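> One predicted model, sequence on top.
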Protein chains: 6
Amino acid sequence: MKTLFVTDLKPGNEVVEFFVLRKKEIKEYDGQRFLKLELGDKTGRIDGVVWDNPEEIYGQAQVGEIVKVKGWVTTYRDASQVKVERLRRAGENEAQLSDFLPSSEKAPEVLLKEFKKVASSIREQYLRRLFDLLLADSQLIAMLKATPGGKLWHHAYVGGLLEHTLNVVQICEKAAEMYPIVNRDLLIAGALLHDLGKIKSYSAAGFFDYTDEGRLVGHIVSGEELVTGKIGEIPDFPSGLALQLKHLILSHQGQLEFASPVVPQTVEAIILYYADDMDAKANAFGHIIKTQRGKGRRWSDWVHLINRYIYLGEEEEKEEEN
Amino acid sequence: MKTLFVTDLKPGNEVVEFFVLRKKEIKEYDGQRFLKLELGDKTGRIDGVVWDNPEEIYGQAQVGEIVKVKGWVTTYRDASQVKVERLRRAGENEAQLSDFLPSSEKAPEVLLKEFKKVASSIREQYLRRLFDLLLADSQLIAMLKATPGGKLWHHAYVGGLLEHTLNVVQICEKAAEMYPIVNRDLLIAGALLHDLGKIKSYSAAGFFDYTDEGRLVGHIVSGEELVTGKIGEIPDFPSGLALQLKHLILSHQGQLEFASPVVPQTVEAIILYYADDMDAKANAFGHIIKTQRGKGRRWSDWVHLINRYIYLGEEEEKEEEN
Amino acid sequence: MKTLFVTDLKPGNEVVEFFVLRKKEIKEYDGQRFLKLELGDKTGRIDGVVWDNPEEIYGQAQVGEIVKVKGWVTTYRDASQVKVERLRRAGENEAQLSDFLPSSEKAPEVLLKEFKKVASSIREQYLRRLFDLLLADSQLIAMLKATPGGKLWHHAYVGGLLEHTLNVVQICEKAAEMYPIVNRDLLIAGALLHDLGKIKSYSAAGFFDYTDEGRLVGHIVSGEELVTGKIGEIPDFPSGLALQLKHLILSHQGQLEFASPVVPQTVEAIILYYADDMDAKANAFGHIIKTQRGKGRRWSDWVHLINRYIYLGEEEEKEEEN
Amino acid sequence: MKTLFVTDLKPGNEVVEFFVLRKKEIKEYDGQRFLKLELGDKTGRIDGVVWDNPEEIYGQAQVGEIVKVKGWVTTYRDASQVKVERLRRAGENEAQLSDFLPSSEKAPEVLLKEFKKVASSIREQYLRRLFDLLLADSQLIAMLKATPGGKLWHHAYVGGLLEHTLNVVQICEKAAEMYPIVNRDLLIAGALLHDLGKIKSYSAAGFFDYTDEGRLVGHIVSGEELVTGKIGEIPDFPSGLALQLKHLILSHQGQLEFASPVVPQTVEAIILYYADDMDAKANAFGHIIKTQRGKGRRWSDWVHLINRYIYLGEEEEKEEEN
Amino acid sequence: MKTLFVTDLKPGNEVVEFFVLRKKEIKEYDGQRFLKLELGDKTGRIDGVVWDNPEEIYGQAQVGEIVKVKGWVTTYRDASQVKVERLRRAGENEAQLSDFLPSSEKAPEVLLKEFKKVASSIREQYLRRLFDLLLADSQLIAMLKATPGGKLWHHAYVGGLLEHTLNVVQICEKAAEMYPIVNRDLLIAGALLHDLGKIKSYSAAGFFDYTDEGRLVGHIVSGEELVTGKIGEIPDFPSGLALQLKHLILSHQGQLEFASPVVPQTVEAIILYYADDMDAKANAFGHIIKTQRGKGRRWSDWVHLINRYIYLGEEEEKEEEN
Amino acid sequence: MKTLFVTDLKPGNEVVEFFVLRKKEIKEYDGQRFLKLELGDKTGRIDGVVWDNPEEIYGQAQVGEIVKVKGWVTTYRDASQVKVERLRRAGENEAQLSDFLPSSEKAPEVLLKEFKKVASSIREQYLRRLFDLLLADSQLIAMLKATPGGKLWHHAYVGGLLEHTLNVVQICEKAAEMYPIVNRDLLIAGALLHDLGKIKSYSAAGFFDYTDEGRLVGHIVSGEELVTGKIGEIPDFPSGLALQLKHLILSHQGQLEFASPVVPQTVEAIILYYADDMDAKANAFGHIIKTQRGKGRRWSDWVHLINRYIYLGEEEEKEEEN
């Protein structure tokens, strides 16, 4: 178990601790070759530098692996960095993944239980069987618990996919109450499965990154493929129901330019799109507000992804007035 | 009270009934001048034609007024039309507006009661006073009950604005429960007021049309203006709160190209945008599905506004199979 | 076998012939109900009208079925129409589908042979096995031969999918020669399979139309699903190769807004995109030029799909000068 | 009165002078906390650094206030910076705002006189009364004189709003002469008021920044609100005239994606849009050309806002040839 | 000289008059072939029909030629048409082009004089020589007088190109006064020449249409070519000046998507773009307002080209109130 | 002849060698003025710094000229730089341009021979005469050999324009075989000439840069101008053929927003567009893959111009597994 985290490192500290190796590169300075590293854990990231035997240490571990580092903290151009003396790959049970990846507030196990509960509320028999099959696939379930909701922008933590999924379910449940025309079981099944493909799109070995499948196929089609495979195992699954469920997964980004290969054409699909996007944005706005608020600021830094500043509220200012 | 509606008219029928005058135009055929009309009521529209004294009858009434028509139903090129013999403007109490405009399922009075109930759940004192002022404005309330949610695409009926508003409130209420960072009272106030400007944008004299203000100013700014006016009557209304409430109204279309002059910059604003758009689209999809479903069709006509066909479901086909 | 085709029908002709039923609708004129039909064959379409027993004849056949019609040709508003006296569904072997759908110049069987020859030129063993499996699937092959390349715009005829596919292969073969960095077998496999999903997207029962799967899933994902299914039957199919092949299918429309869920990220994918689009456009331009050229015209009608007029060349003008 | 300006500071200089405090932040270097500042005046900006008692000095002044600084100029990484020994907030009359903000060439007072002269040329009686009211509002007039035309891109100096406004008036005056269909008084009134809302959008306390209202409401709606308020004080102001004037303000950015909530729908509005944009761009191009021309350059740096280089002309080169 | 114009034709009139032949097509009705024509003059267009010897009459004249027609006016489906008995091509001097094409209010000769006067105000010697050459080219000048400013949308009449050009010059003259950085002679030369290529883009033989060059090359490049050709005849024309003048022509549509191959990169070019667009839009708005105003209408028909209704003003309504 | 290239420079080396001067700027550090340079050759670029007599050395040479430099290599902030002691403009024959600009693999002379061979395969007599004229223009031919295909993104080396042109020809030759409707000679002529204007758009004096003409006119119109000029020298060149050839050059970027002033309207033009774009992208993808592949990377750096990562393939990984 880790005791020293990135956010705790102060210039002058000695360091003997596990980190995930995020990057490694041999560079040269004044004719001398050295190894530049990026180390991380669930609290953040820090640069590292190795001056002695850089090639040898370069070969000790791959990017994404957890390594044990010995060294001390210095500063270089306003920023802290770790001067690394020794580094080796961590043994199998020396370190816990949960120290390296940020995690949702609720435990993934708890979130999974809620997921199962929602699934069990579905009465349509074929959709029920589909969830029975999916929930019996222990490898899939393990990945489901570990996968984030996104890489950077929203729910970027272990359990994030489940947390996001359950939020989308809640909004859809409300919509199913409000609009009698909606096929509730179909909509809820779509909500539960809409981002399932993300278990194939992100690797979570030490830190979150895209897999080749995440880039070459994309989470939308990966998810549709997973569901199509399971449906293929259920005899007599109605073809119209299968098409509508696939449509919910494929169209959930709402527009072609957001990478959905088809636009929403059913009332359930149009609702799922808004529910998904609302939760993603609300989580992202909330994250920015929580992490940037305070210290007299009323506005966030510029948020490139959505081309705007976000208003942080005026609480802090009131305090200052007192 | 009307007894004969547009949908009931059959070729050969005699007609002595009230209609709203939707269009009038003098035309010429084979050297003879005649008057072409469009008549309507809450069930639809039908053409009319006047061969005798067209100029005189042209002067009897303005577009948008209710008229009493005497004539009989003929057909012309596959379509029914009314051959009009006599026509005069309706007297003040001869006809009821409710016969001419489609109306929400729930009575506007009932919807208004729900609106008031939601308003009374707001605890923030300045927002409460704002609603007290608004609800005390009987002219505004009368218009609020009569205004549709849109002209063609969604909630296009008397009471539609209230119905849409209450749906948006429901989704926002759910979001306020889900996201602790949300200022619930602010969000609900925004939801209640977001489309208020529509009372200035639509005229409902006989049939729905845009007003000059609806086109030259737009419902977003009209609504903001209304709220700004009332806020001006409340001493010490906090300026930050006022800005955030105005922002909710101004940004609720979500993007500049959808006519919002500012994009959502607060967490409440981003949620209101999705709630508003989800309800509009769900209502529009539902309306298309309900009116086009049946008769073996599984797909709607092409929907220009959103560039797609809508899937109507497969119920009817099953029936046919039986 | 048909002897009388739509293009041959002249006012006054008696008609006893097979047609495909493209539309049917009960309408009313001057108080009398009648049945309006659209009939077609591979040469075009014509309206039909039934005045006696319209409801009974309505129930005789479904849209898309082939029917035998007895009647005679009249004109109605400048256009010919068939006044139908009797109509019944065709018996199983009374009519040949090839009379009703337009077809490629080369026989589908010949095109299929070329397809197989290209497939057999692939040396990479796993891709070869994949094509062995696909070509052994007789139902899939039957559909492959029957499917058009598009519904309206390009290669809209039986055999069109094969014809388009082989053209794309030719351009890719050239590119593989020109650019040594290209993996030729991978690119050719992608070219052969890129539009395979169209066999699920179009129904060809009497005339071409979209299937529900064509609309709700789309030919890109349908094709990827088909290929993924076959790959699943091949032990040890290399995962990297599978991803790259799927990527070729998924990205072949080149841009998200053209319904590809991922953009081309490999050199083979970027080439396939241009080859596919070049052949589609060259076929479409060619079709417009061939069918509209002549009679002194140098410009086509306005082509909505690409927002322009197409230049038809100046042959006719030269003739006029003589 | 300042005697030492940012552009005059040379390494080695002693500094005892007033500056506006643009930014302040506590940072840490090699375990030692220090205060990093950004200081400015109308000629530019320079960094400052405080090593002794950073927390205490941090508390001396707020961002946007004018401060008196004692220290000397050093260099750090190619750039000059001020090593600050002492810093305190300026007393009420110690410094003049005009030393800290850039200003138009013509004095704001002169520009205001021209503004009044144009206003007095309006003959339509209600518009005249509107300008009488506005010009009688001394607070509004004070802000009008102080406000820039934009934050960065055009007329970014005290008096800039007036200067830009008068230029737009000139172009509109020309258009009113050229096009007899134009209502000259309406157009000129719109030109005078189109950017009035900017007095609410920018704060000019030491340096230009957006206010919360500038971001949450935007200058277009702020301006419309101001004008609506004044119109409300004029009995019998014709509603059609009011709508058209509001429309001029609301539509003056010309397109929805440029933040106008309505597009120009009157001939006056379409002219105002072009006049406004022409002057903004001509001023921006002119500013870039004037500041970057010379030293053998014929092209500006890349201008991100408009994605192009600007041609600076060839004067300088000719000189070099001599 | 014509005495009977399209707008004067009433059912029952006998017709012996010249018209321009706009379209001709052989059609068939109830087994009988007939010739359908479109005839026009400067006041509008009307259909014609020939039942006797349609093929022979078809061969009498080409589209765009002026023909003498004998027949009488009938009505067909609500619209008037000319039943044509005889038709022949007009002899060389039988008809005047000015009867068939709409024309500017000011005579083209007067407009040309103004054009020359502006040209003579240019002092830069090479630009002056360029205009001397252009004005000495009598064929070019003849076309310049005859060419419209646009085909449908703005200045669509003989002399329209000159009228539009002189308006653009006026706005540019104003801008040159306002912005000292502007090279006045260069800007005015660009304004005079910006649309010169339209003389190659429109044919005005009887009615306005695009030429092949208008479609395949476009007026922007045609104009640049014309100017480049003339510059080539002037020894020592400074290359930098030539580039800047070409740039004014090439960039005057302001954006790539409006068919300019380069965006404005000089201050003169950015001004010319706004001046050109302002005059085109002001003319188009004005034309719509003048032709649609009155009869109680306050709004134009939907204007497809700019996706909006145009406000026609409220004059007429006031009159009605009286 | 150079013996020491930028890629060979190591800290500590003495340098007495020719480089192209890419940038020069006087700067100040700690009160001392110095001259900052950028030096380059065909292998890359390196910074240089001059501390003694910076003004004097600044005046020795212009940007784009070849200079002889004496100094030694040091490092500054992780990067190498040349501390320059002496610098002078190179004499006329001291250095070879080929040492400073990257070059195509095949010699430009060889590429030109292929270009001539293709030109001689054209049988249409007027197009043949056009190429005879072009190939007889020795200055044009010299520039054709020296010009790159692009500045940064594709074929950015001497001979690149010819190499790209010949690739486009190959694809068009294939298309002419495949589509009988294509006018082969016209298409090949268009392919050979489509980018000819680039000889006016790039300067290749020491390093590639845009000329003023490249920016103010653009390579599309420059090329059309060149061809129009030569056509003007050929008596009786058919005007329709000339228009179609110009159209090929003008429309070859395929869309207005890619700077073509007209969109492709002939079948040859649509093919040329795809052939041009396919070769540009295949070359660019290939260049990125070749230069970034290896060292265990499977993905390129982010490619801004096309907003994606490029897949580099998996070769390296396989090696690592061994």
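Received the coordinates, thanks.
> For the residue nearest to A:Lys42 when sequence neighbours are not counted, grab phi and psi.
Excluding the flanking residues, the one nearest A:Lys42 by C-beta to C-beta, 6 or more residues apart in numbering or on different chains is A:Pro102, at 4.7 Å. Quick note: C-beta positions are derived from backbone N, CA and C, even for glycine. For A:Pro102, the backbone dihedrals (degrees, to the nearest 10) come out as phi -70, psi 160.
> OK, contacts around A:Phe18?
Residues in contact with A:Phe18, defined by C-beta atoms under 8 Å, 6 or more residues apart in numbering or on different chains, are A:Lys2, A:Asp41, A:Ile66, A:Val67, A:Lys68, A:Val69, A:Ala90, A:Glu94, A:Ala95, A:Asp99, A:Phe100.
> whoops, A:Lys145 was the one
Contacts were defined as C-beta under 8 Å, 6+ apart; by that measure A:Lys145 touches A:Pro108, A:Glu109, A:Leu111, A:Leu112, A:Val158, A:Gly159, A:Leu162.
> Apply 7 Å and report the result again.
Contacts of A:Lys145 were listed using C-beta atoms under 7 Å, 6 or more residues apart in numbering or on different chains, and they are A:Pro108, A:Leu112, A:Gly159, A:Leu162.
> closest to chain B among those?
Proximity to chain B was ranked across those by C-beta to the nearest C-beta; first place goes to A:Leu162, at 14.9 Å.
> circling back: any idea how far chain E is from the residue nearest to A:Lys42?
From A:Pro102 over to chain E the distance is 44 Å, taken as C-beta to the nearest C-beta, to the nearest Å.
> Around chain D, which positions in the stretch 151-300 of chain A sit nearby?
A:Arg298 (C-beta under 7 Å from any C-beta of the partner chain).
> The residue nearest to A:Asp212 when sequence neighbours are not counted sits in which helix or strand?
Leaving out its chain neighbours, the residue that sits closest to A:Asp212 by C-beta to C-beta, 6+ apart is C:Leu243, at 5.7 Å. Using DSSP states H and E, C:Leu243 maps to helix C:239-250.
> and that helix, average pLDDT?
Throughout helix C:239-250, pLDDT has a mean value of 98.
> Could you give me the buried positions within that helix?
For helix C:239-250, the neighbour count (16 or more other C-beta atoms under 10 Å in any protein chain shown) marks C:Leu241, C:Ala242, C:Leu243, C:Gln244, C:Leu245, C:Lys246, C:His247, C:Leu248, C:Ile249, C:Leu250 as buried.
> Check stretch A:219-237 too.
For stretch A:219-237, the neighbour count (16+ other C-beta under 10 Å) marks A:219-228, A:230-231, A:234, A:237 as buried.
> which ones are touching the closest residue to A:Val221 other than its chain neighbours?
Using C-beta to C-beta, 6+ apart and skipping the chain neighbours, the partner closest in space to A:Val221 is C:Pro261 (5.5 Å). Under the criterion of C-beta under 7 Å, 6+ apart, the neighbours of C:Pro261 are A:Gly218, A:Ile220, A:Val221, A:Ala259, A:Ser260, A:Pro261, C:Leu250.
> Which two of those have the greatest separation?
Using C-beta to C-beta, the two most remote members of those are A:Ser260 and C:Leu250, lying 12.5 Å apart.
> Could you measure from the closest residue to chain D within the stretch 101-250 of chain A over to A:Phe285?
Among all residues of the stretch 101-250 of chain A, A:Trp153 sits closest to chain D, at 21.7 Å; criterion: C-beta to the nearest C-beta. If you measure A:Trp153 against A:Phe285 using C-beta to C-beta, to the nearest Å, the figure is 11 Å.
> need the contacts of A:Phe18 in CSV with pLDDT and secondary structure, can you?
Shown next, in CSV, are the contacts of A:Phe18 (pLDDT from 0 to 100; DSSP: H, G, I helix; E, B strand; the rest coil):
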residue, pLDDT, secondary structure
A:Lys2, 86, coil
A:Asp41, 87, strand
A:Ile66, 90, strand
A:Val67, 93, strand
A:Lys68, 94, strand
A:Val69, 94, strand
A:Ala90, 90, coil
A:Glu94, 86, coil
A:Ala95, 85, coil
A:Asp99, 86, helix
A:Phe100, 85, coil
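> Could you give me the PyMOL syntax to select whichever of these are buried?
Remark: buried members of those, expressed as a PyMOL selection using 16+ other C-beta under 10 Å:
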select buried, chain A and resi 2+41+66+67+68+69+90+95+99+100
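> of all the contacts of A:Phe18, which comes closest to chain C?
Taking C-beta to the nearest C-beta as the measure, chain C sits nearest to A:Ile66 out of those, at 24.8 Å.
> Much appreciated, bye for now.
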